[in-house]
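Visitor: Sequence first, then the predicted structure:
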Amino acid sequence: MVYQQGGGGGYDRRPREMHKAVCSDCNKECEVPFKPSGDRPIYCKECYSKRKDSGR
């Protein structure tokens, strides 16, 4: 039996494309790894951590 490494799985090691956004809490400009659609709030790293730690 021959086993091949790699292939499949969908994991990609290229850097993610970042998109500019403005934090909904502090209004600071930040970058997110997805294209903001405008229908949900966006948080910078600091505000996201604060919200996550406070249990929303």
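Guide: Great, that's in hand. Numbers count the residues shown, from 1 in each chain.
Visitor: which residues does the spatially most central residue of the chain contact?
Guide: The residue lying closest to the centre of the chain (Cα atoms, centre = their mean) is Pro33, at 3.9 Å. Going by Cβ atoms under 8 Å, 6 or more residues apart in numbering, Pro33 touches Arg16, Glu17, Met18, His19. C-betas here are computed from N, CA, C, even on glycine.
Visitor: before we move on, what about Glu46?
Guide: Applying Cβ under 8 Å, 6+ apart, the residues near Glu46 are Cys26.
Visitor: Show me the shaky parts of the chain.
Guide: Residues of the chain that meet the criterion pLDDT under 70 lie in 1-12, 56.
Visitor: Show me the strands in it, by range?
Guide: 19-22, 29-32 (DSSP state E).
Visitor: Any idea which of those gets closest to Gly55?
Guide: strand 29-32 (22.0 Å; Cβ to Cβ).
Visitor: Show me which positions of that closest one end up buried.
Guide: Neighbour-count burial for strand 29-32, counted by 16 or more other Cβ atoms under 10 Å, picks out Cys30, Val32.
Visitor: mind checking the end-to-end distance for stretch 21-35?
Guide: Counting by Cα to Cα, to the nearest Å, you get 9 Å between the two ends of stretch 21-35.
Visitor: residues in contact with the residue nearest to Pro36 when sequence neighbours are not counted?
Guide: Nearest residue to Pro36, sequence neighbours excluded (Cβ to Cβ, 6 or more residues apart in numbering): Ala21, at 4.9 Å. Going by Cβ under 8 Å, 6+ apart, Ala21 touches Glu29, Cys30, Glu31, Val32, Pro36, Ile42.
Visitor: If anything else comes up later, I'll come back, but that's it for now.
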